[in-house]
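# For reference, the sequence and a predicted model appear below.
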Amino acid sequence: MRHGERHRRERIAWLRAAVLGANDGIVSTASLVVGVAAAEATRHDVLVAGVAGLVAGALSMAAGEYVSVSSQADTERADLDLEKRELAAQPQAEEDELMRIYARRGLEPDLARTVARQLMAKDALTAHARDELGLTEELAARPLQAAIASAATFAVGASVPVLTILLAPLAKLVLIVSIVSLLCLVALGATAARVGGAPPAVGAARVALWGAIAMAATAAIGTLFGTTVA
């Protein structure tokens, strides 16, 4: 009988970027649409605002994720370069450091020394990257992947309120966009939580709450100014 465990840590990078992109796409675009519609704009004006929000938001998410994750990748490379130099200059000190790490985790000192020595003999840099720096190939920063995932999921999320503009009656546009967007946020939050191993109800509630606050705020601003957007 085979023993297998399915862990979710390898999903962290892409799941975070995808959820952030989709959530931001729905919330920001729906809030923009609701705010403009509440100001008694025409359907054309609301649609232009929604499409502009989709394009600008997707590109902004891509740029932001790429810059942010690139900074993380730069830091990881710098740490690895430093570790390479230390391994070349002080191999015994680096072995001692690795041994102490394993000893703190519960191994007997002699066994910790043996493990450290054998792992360093096989691949010293990988051993130190994993056990000293906490860096693994599975969780390594991937700027381009994060940028594409965020931009694509933002566009998918933003398309929800944009398509709703085309289908909903103008008189009830604010209400229908809000309801449809909140339902999608609930589904997104629940799905993301389930994929990540968390309770779906908790994920759905926190995403819907912040989405409702954002749309209520922009609707209030649009109603307050109450002028047609040209």
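On my side now, so go ahead. Residues are numbered from 1 along each chain as shown.
# When you work out contacts or count neighbours from here on, use the C-alpha atoms and nothing else.
OK.
# So which elements touch the least confident helix or strand in the chain by mean pLDDT?
One helix or strand of the chain scores below all others by mean pLDDT, DSSP states H and E: helix 12-38, with a mean of 81. With contacts defined as 3 or more Cα pairs under 8 Å, 6 or more residues apart in numbering; DSSP states H and E, helix 12-38 has these neighbours: helix 43-89, helix 143-167, helix 173-196, helix 200-225.
# any idea what L133 is structurally, helix, strand or coil?
Three-state call for L133 (DSSP: H, G, I helix; E, B strand; the rest coil): coil.
# if I look at the closest residue to it other than its chain neighbours, how far off is R130?
In space, and not counting its chain neighbours, L133 is closest to D79: 7.9 Å by Cα to Cα, 6 or more residues apart in numbering. As defined by Cα to Cα, to the nearest Å, D79 lies at a distance of 12 Å from R130.
# returning to that earlier point: helix 143-167 and the least confident helix or strand of the chain, what's the angle between them?
Between the axes of helix 12-38 and helix 143-167, defined by axes from the mean of the first three to the mean of the last three Cα atoms, to 10 degrees, the angle is 30 degrees.
# Report the inter-axis angle for helix 12-38 versus helix 200-225.
Going by the same axes, to 10 degrees, helix 12-38 is angled at 30 degrees with respect to helix 200-225.
# Buried residues in helix 12-38, which are they?
13-15, 17-38 (16 or more other Cα atoms under 10 Å).
# Next, the angle from it to helix 173-196.
170 degrees.
# hmm, back to that, and the helices and strands packed on helix 12-38, which is most packed in?
Neighbour counts (mean count of other Cα atoms under 10 Å) averaged over each of those peak at helix 143-167, with a mean of 23.
# Any regions of the protein where pLDDT drops low?
1-17, 138-141, 196, 226-230 (pLDDT under 70).
# ok, 80 please
Residues of the chain meeting the criterion pLDDT under 80: 1-20, 134-142, 192-198, 222-230.
# What's the separation between A58 and V160?
Noted for A58: a distance of 14 Å to V160, by Cα to Cα.
# what do you get for S178?
Distance from S178 to V160, by Cα to Cα: 10 Å.
# what sits against Y102?
A112, A116 (Cα atoms under 8 Å, 6 or more residues apart in numbering).
# Please give the element, helix or strand, for it.
Per DSSP states H and E, Y102 falls inside helix 91-104.
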